[in-house]
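Colleague: sequence isn't available, so here's the structure alone:
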């Protein structure tokens, strides 16, 4: 189906306090991956990098404490994060209300080429 109602998107188990919904992918007939993340304060992703793909994250609500390489940023609503392939990155939600963002990867299955430098893969990574 080429149109997905975001409120009805398929949820993939991810991490505690981190809900992940597929917005675009194989079921929609595209090779890209797009997901909606809805996170509670304190939730996030451990330090990792994607071997072969860039990642773009558009923050819709809330604030992330973002680490990209050796730099740290506070990234909030209406800001976009660009992360080149092979660049270590991590984030944690610091806003009391939590956060919502949309993430884009240019290829399906990109999560399989993800290397975790801290922690491990999310519960549903193989399902995405």
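Modeller: That came through, no problem. Since the model is a prediction, treat every value here as computed from it, not as a measurement.

Colleague: tell me the secondary structure for the residue lying closest to residue 26 once chain neighbours are set aside?
Modeller: The spatially closest residue to residue 26, leaving aside those adjacent along the chain, is residue 108, at 5.5 Å (CB to CB, 6 or more residues apart in numbering). C-beta here means a position set from N, CA and C on the backbone, and glycine is covered the same way. What DSSP: H, G, I helix; E, B strand; the rest coil gives for residue 108 is coil.

Colleague: let me know the pLDDT of residue 108.
Modeller: Listed pLDDT for residue 108 reads 72.

Colleague: the residue nearest the centre of the chain bridge partners, please.
Modeller: Nearest to the geometric centre of the chain sits residue 103, at 4.7 Å (CA atoms, centre = their mean). Applying DSSP bridges to residue 103 gives these bridge partners: residue 35, residue 57.

Colleague: then residue 91?
Modeller: Under the criterion used (DSSP bridges), residue 91 bridges to residue 45, residue 66.

Colleague: measure it to residue 118 for me?
Modeller: Distance of residue 91 to residue 118, given as CB to CB, to the nearest Å: 12 Å.

Colleague: and residue 27, that's in a helix?
Modeller: Yes. Under three-state DSSP, residue 27 falls within a helix.

Colleague: neighbours around the nearest residue to residue 62 once chain neighbours are set aside, how many?
Modeller: The shortest distance from residue 62 to any non-neighbouring residue, by CB to CB, 6+ apart, is to residue 99 (2.8 Å). The local packing of residue 99 (other CB atoms under 10 Å) involves 26 other residues.

Colleague: got it, and residue 7?
Modeller: By other CB under 10 Å, neighbour count at residue 7 equals 7.

Colleague: and it, backbone torsions?
Modeller: phi -70, psi -20 (degrees, to the nearest 10).
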